[in-house]
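Asks: Fold the stuff below for me.
(4 chains)
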Amino acid sequence: MDLRYDDDHERFRTEVQTFLSAHWPPPDRGDDTDRKAQERAFRLKAIEAGYLARSIPRRYGGSEQPADVLEAAIIREEFAKAWAPGDVAGLGPSLLVPTLLEKGAEWQKQRFVQPTIMGDIMWCQGYSEPNAGSDLANVQTRARLMGDEWVINGQKIWTSVAWLADYMFCLCRTEPEASKHAGISYLLIDMKQPGVDVRRLKAINGASHFCEVFLDDVRTPADWIVGERGQGWDVSRATLKHERNMIGGATQTLTYWDRLMRLAERTQKDGRRALDDPRVRDRLAVIEGYVRAQEFSAYRQLSKAAKGEKAGIVQSMNKINGTNTGHLIVKLALDLLGDEGLLEPEAFDPVTSPDVNTAWVARYMQTLGAAIAGGTSNIQRSVIAERGLGLPRDRERDQSRQARRPSQERRS
Amino acid sequence: MDLRYDDDHERFRTEVQTFLSAHWPPPDRGDDTDRKAQERAFRLKAIEAGYLARSIPRRYGGSEQPADVLEAAIIREEFAKAWAPGDVAGLGPSLLVPTLLEKGAEWQKQRFVQPTIMGDIMWCQGYSEPNAGSDLANVQTRARLMGDEWVINGQKIWTSVAWLADYMFCLCRTEPEASKHAGISYLLIDMKQPGVDVRRLKAINGASHFCEVFLDDVRTPADWIVGERGQGWDVSRATLKHERNMIGGATQTLTYWDRLMRLAERTQKDGRRALDDPRVRDRLAVIEGYVRAQEFSAYRQLSKAAKGEKAGIVQSMNKINGTNTGHLIVKLALDLLGDEGLLEPEAFDPVTSPDVNTAWVARYMQTLGAAIAGGTSNIQRSVIAERGLGLPRDRERDQSRQARRPSQERRS
Amino acid sequence: MNFDLCEEQEMLQSTVRQFAATECPLPRAREIFDAKDGHDPELWRGLCDLGLGGIQIEEAYGGAGLELLDLALVGEVLGESAFPGPFFGHALAALAIGLGGSEEQKRRWLPDLASGSAIGTIAFAEGDQMWQPEQWGLEASEGGTRIEGHKCFVPHAGTADIVVVGLAGGGMSVVERDCAALDIKESAALDRTRRVAEVEFTGAPAHPLPEGVAASGRVRDAGLVLLAADAMGAAWRCVELSVEYANRREQFGTTIGHFQALKHQLADMAIEVEPARGLYWYAAHAFDHVPDESARFAAMAKAHLTDRAMQVARDAVEAHGGIGFTWEGDLHLYFKRAMFDRAFLGSPEFHRARAAELGGW
Amino acid sequence: MNFDLCEEQEMLQSTVRQFAATECPLPRAREIFDAKDGHDPELWRGLCDLGLGGIQIEEAYGGAGLELLDLALVGEVLGESAFPGPFFGHALAALAIGLGGSEEQKRRWLPDLASGSAIGTIAFAEGDQMWQPEQWGLEASEGGTRIEGHKCFVPHAGTADIVVVGLAGGGMSVVERDCAALDIKESAALDRTRRVAEVEFTGAPAHPLPEGVAASGRVRDAGLVLLAADAMGAAWRCVELSVEYANRREQFGTTIGHFQALKHQLADMAIEVEPARGLYWYAAHAFDHVPDESARFAAMAKAHLTDRAMQVARDAVEAHGGIGFTWEGDLHLYFKRAMFDRAFLGSPEFHRARAAELGGW
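Replies: Numbering: from 1, shown residues only, chains lettered A, B, ... in the order given. The predicted structure is shown next:
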């Protein structure tokens, strides 16, 4: 156990710092070069220098660096310190791109990867449907191959920021006779066409970045399929894995924790800081135990990854762990808020927005979303019990998986 | 809502008080009339006066009073105030007697009821087996009718105070070809015979009132069966219902609560009473919310019963409610104890023994037993969900119930 | 001894339940939730036609002369229906006048409050968790007949005709809305079924209640009981909605109510809530019949039930999955109702500390 | 940056695990638990033959010269094996002498402690939750060379040869067992794998450690880390035993591990425990490498892990049903081990308050 970076890594850190001081922030040109263009130009330089898009081959616009989680951590740290733009965020870069690189056709990689990681095109994810939530394999959206086009009909739901997206990667049923899981294909769809109807949903906290997407005779070329027909389920699994890790990171917990401490410092209670109230101190100390456990657990996983080893069962706990700790945090925050719990927060992003009291009301609700999105806590528990602890699979889920097996056997 | 007793009941209370002042404590005769004989004599008088054994017909030694839960409550209150002996406690009076009265043969009632309610004979309950815990219907102990006797072989476990019992009421498999539940009979067995081997088990808290009972060619007359052959399951259900109510009463919670308050008063923490520590006060106040809820809930049920109405879903919650509140209480107690949590309590009864600190260590363990005995908390949750909330039955339990159905159909 | 409702009380609840189901089913409640002022005069009229505007107002002034328990039983049903409107503040204003007012004052205001032709509310809060009579700092001048200053979290201030204002020293004064010396600023209420506003009194003519100091603590206690009752109703409805959803929603080829883990979570929610019903019953009963225990059990009921309701509302959202997280579903009405019940008149932790002190600990 | 064990450390753990499985499987542990003094000299010999009597003792005195993390890693495996004997007190005594002793004192005691031919222990507690150096009240007279007074909860006092005694002012002295001025009264220890006794010092000749005052807080911190490590091992084993049981025990015609509610409870137990492993790692690492954070994270690790372990031990008993409630099953060893880890050296709540203060809150 050694928490210091070694000399090579410290040298690397210096290089990154040098690069950043040369290129960010960009010189003020006195003209109205907009922020977005400046960021784009910076990213191109950072990719060239090998600091961004590291896992992506050069031929698709990346910097193709050997996997080194410590270097990656250093880059994140230094870029954050300099407030420099990092890799483009969003479901396209984080979910679709790895999927394309692993399972996509050559032309798909050529066409989609670079503009996606540069933020030139935006994606949304078309997985969930009204009757396919936890039971994702139950998607009913039909895609029929008619000539050289897929014709798609159905409805997606909980689609994040669909109204901004240029394209959607989605799961459609293309082989209705095949068994439940084997009947699904993974298609790419242009969102800017007739027949695509996006309706924004308002969430409990007033935010509305979730959408319903209605697909009515929507068309996509025959070869806009990732993997083969009927392989969509397996193709999507790789992607979902990424999503789970994303939600489970310790970063959000640590941010919440810092803000909770500041809330306890600035809140007055019985004429003194809430932080000085023994009840509050004890609850804070309980929570810090969980927060640090999660933080160190993230380091452990990082270290394992750096050595190319699996982190074991703890990795499967990231999401629910973050959810649980988040709940403890917001509950204490609500107690500290008191009156302000009566007020609606202005619409805002609960992670990145400024640290005002009413933000906690939004976080109090937002953490419920975390327990639901990307696999509910109950699904997480089943996964941990089955894959981590070796307990038997849920009978219902098993039976459902085999539901259409007979007809598949007839086909083969 | 009226928390006062009406005039009739207040008159009744006066009668009870008059009776008690005349008969208890009995005059000191200057001889060595032992306590037990005095109690027995008092009980006979109290039954004659209509204050004990109220639900039991006169012809079986009871006082055969109309059901009146308020009168019953008054009797309990006044007898407790006077430290007078109430109805004999134990599994015989509380479980077997109601079962016999409902399902037993006339000769069985004649023979067993009176000596049981007078404490002249003691019973133990032979239900659980190593492979029949939550799944009680899986009993494997075999009873074969050979001539005019049942010959019984098998093993029972978690049998309370079996070494003191004169008789056992137990579930045995008498119809091995019948379906699981339909193959069971309810037999009475003389414990004082060769082939009955009682082994006391030591519990986690050092107490040992649970036993294993090995039955090796044990015999009982052919007519020592309650109900018909194969009806044992249904016969036992009535009994189990009584057990659940017994464990779920608010009395134990209230006793624990009073003692917890006293512990918090006498414990010193940072130079003051623990009761004055804001952390402790808050936890106590949280707990009192649950305690009073349980207490009032008991009143509600009592009032419903007095009117001959069902109390609804809340009745099914008594046991788990008591278990949950008990856990909150012992956890706070353990925190108050500190060092003394390192020490083993002397063997004692966690409810009735004196209020010393180490008793809390025993209670801390005893409350775990409450979560297991008489139906685990998980079984309770299923019952509440299914019967109280109308959710579907557990699939496994359903399938198991039907496991032997086919062969039963062949028989019929 | 009868720790149970009488037939009239059960009928009262079923009447209100019937009314709410017919006149304000959840789709209608959601509309009002989203509408401008969270108040539907016709709905209010209907409620008052049932006599619910003055249940606890003495018969001499046009009320039904019933007790706090009856009022709370109505409150429970309104909570269970996520019923929008000024019932809560109105009831407390009438109680304040009934307990603290002179004969003349009662004759002036109570009949209109009882019939519902006037709406009442209370202006107690002063921000920073200052809700209690002993914390009020607002001063009245000119012999208590003129008020200058600020109150917040005043329920339905925009539609109220009669405002009972808490004053420094624990007294209360009545300000009539049409005196034109009120500056009302709607707050962004989270629970839009019970809007709140900031009120600036700009030299408002005030009518001090002669027994206000003695009455204000009682009004607070009644408020705590009503919040507990509302929380009870809301929480139990959350359980019911979750059970209905579990029996309807299919995943993996079966209704999700078949999944034992969810079943047990639903059972746990029920176990948290149902046994606590008697806690608010007793607190309400004590208000009228057991004066020694009234304040203590009001505090305990509020702390316990609003905490339970908040947790159950969270659990219900989880049990509903995505649909529970939307503004378009029914559940968020209850979630926000629980937030109100929990925060209004002071936090559960605050009232636990009071209950401890009142218990002589 | 490597927040992970190195190969040697993983090997160390697997060696100890192997040794415990062979020499002290659970049936043997239960025998020792029930035996007279909870100590098996042969088992101790075997443990010390692996060099585990002096892992953290400097090589110059016959130890392995390793760090607290290595010691704690061994402690975790002993916790996971419910391993009986004086390891815990022994390690702390050696640490106390190593950190606080003079060169001469180290030469006198450490080699025997390292080889295990002498057993060490610590006498810190004075009852009424007085565990900490700043709370010690026992006075030494005659220039610190003579001790008269009382200590309690001294681990394995009956078999220890060298007792490190905490003194008023926060210093420490060493008392040798054969000085015949010790009156030892075995307590009825709940965790019989780690017996405790009351010790009356009747004018015992004492050897003050010159750096005792500086060292005693460090020894306490090390003790907190070892308790956290033990709790980690015990708690994880509770999860494993419960999973094994769920995969073996049949009810309703299937293994009970098929019941989703139980599955999820087992998952929740795992979630409570496994992510906290790094907490004791870091606390141990900080002891040797991050002095500023050492005391704070030792307190946090002890508070968090012993609380988690206690809860998981309770959950494990429930998951086992009747058999978990018996003295004859394996589980009660872990339950009682968790009780020891939680209470020894002060309660979780006490150490949370310390962690808050040490964090500058």
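Asks: Point out where chain A drops to low pLDDT.
Replies: Chain A contains residues with pLDDT under 70 at A:29-32, A:239-249, A:347-354, A:396, A:399-412.
Asks: domains of it?
Replies: A:7-87, A:122-230, A:249-375 (automatic domain parsing).
Asks: Using CSV, lay out these together with mean neighbour count.
Replies: From N, CA and C alone the C-beta is placed, and that goes for glycine too. Shown next, in CSV, are these (neighbours: other C-beta atoms under 10 Å in any protein chain shown):
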stretch, mean neighbour count
domain A:7-87, 15
domain A:122-230, 19
domain A:249-375, 20
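Asks: between those, which gets nearest to A:Q110?
Replies: Closest to A:Q110 of these, according to C-beta to C-beta: domain A:7-87, at 7.0 Å.
Asks: now the most far-flung residue of chain A relative to its centre: how far from chain B?
Replies: Largest separation from the mean C-alpha position in chain A: A:G271, at 42.4 Å (C-alpha atoms, centre = their mean). Distance, A:G271 to chain B, using C-beta to the nearest C-beta, to the nearest Å: 14 Å.
Asks: Settle this for me: A:N205 is touching A:P345, isn't it.
Replies: Yes: at 6.9 Å, A:N205 and A:P345 qualify as touching, with contact defined as C-beta atoms under 8 Å.
Asks: so what sits against both of the two?
Replies: Here A:N205 and A:P345 have A:V361, A:A362 as joint contacts, going by C-beta atoms under 8 Å, 6 or more residues apart in numbering or on different chains.
Asks: Pipe the domains of chain A into TSV and attach distance to D:F297 per row.
Replies: Formatted as TSV, the domains of chain A follow (distance: least, C-beta to C-beta, whole Å):
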stretch	distance to D:F297
domain A:7-87	21
domain A:122-230	36
domain A:249-375	8
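Asks: just so I know, which of those lies nearest C:G100?
Replies: Across these, closest to C:G100 is domain A:249-375 (C-beta to C-beta), at 24.9 Å.
Asks: Is any residue of that closest one near chain D?
Replies: Yes: Domain A:249-375 is in contact with chain D by C-beta under 8 Å from any C-beta of the partner chain, via A:261, A:275, A:278, A:281-282, A:284-286, A:288-290, A:292-294, A:296-297, A:299-300, A:302-304, A:306-307, A:313-314, A:317, A:320-321, A:324.
Asks: Can you list the neighbours in contact with stretch C:49-61?
Replies: C:15-16, C:19, C:47-48, C:62-68, C:70-71, C:74, C:87, C:90-91, C:94-95, C:98, C:106-107, C:110-111, C:113-116.
Asks: Would you write a PyMOL line that selects the buried entries of these?
Replies: Selection of buried members from these for PyMOL, criterion 16 or more other C-beta atoms under 10 Å in any protein chain shown:
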select buried, chain C and resi 16+19+47+48+62+63+64+66+67+68+70+71+74+87+90+91+94+95+98+106+110+111+113+114+115+116
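Asks: Which ones among the contacts of stretch C:49-61 lie within helices?
Replies: Secondary structure from DSSP state H places C:15-16, C:19, C:47-48, C:68, C:70-71, C:74, C:87, C:90-91, C:94-95, C:98, C:106-107, C:110-111, C:113-115 of those in helices.
Asks: Mind checking which of the residues of domain A:249-375 next to chain D land in helices?
Replies: Those of the residues of domain A:249-375 next to chain D lying in helices (DSSP H): A:261, A:278, A:281-282, A:284-286, A:288-290, A:292-294, A:296-297, A:299-300, A:302-304, A:306, A:313-314, A:320-321, A:324.
Asks: Farthest from the middle of chain C: give me that residue.
Replies: Distance to centre of chain C, C-alpha atoms, centre = their mean, peaks at C:G253 (42.3 Å).
Asks: got the residue ranges for the strands in the chain?
Replies: Unless you meant another one, I'm taking chain A. Assigned by DSSP state E, the strands in chain A fall at A:123-126, A:142-146, A:149-160, A:167-173, A:184-190, A:196-201, A:210-221, A:225-226, A:268-269, A:272-273.
Asks: That was the other one, I meant chain C.
Replies: C:120-123, C:140-141, C:146-155, C:162-166, C:172-176, C:182-186, C:196-205, C:207-208, C:250-251, C:254-255.
Asks: what would those strands look like in CSV with mean neighbour count and mean pLDDT?
Replies: Output for the strands of chain C, formatted as CSV (neighbours: other C-beta atoms under 10 Å in any protein chain shown; pLDDT from 0 to 100):
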stretch, mean neighbour count, mean pLDDT
strand C:120-123, 30, 98
strand C:140-141, 18, 90
strand C:146-155, 22, 96
strand C:162-166, 28, 97
strand C:172-176, 24, 96
strand C:182-186, 15, 94
strand C:196-205, 20, 95
strand C:207-208, 22, 96
strand C:250-251, 17, 91
strand C:254-255, 18, 92
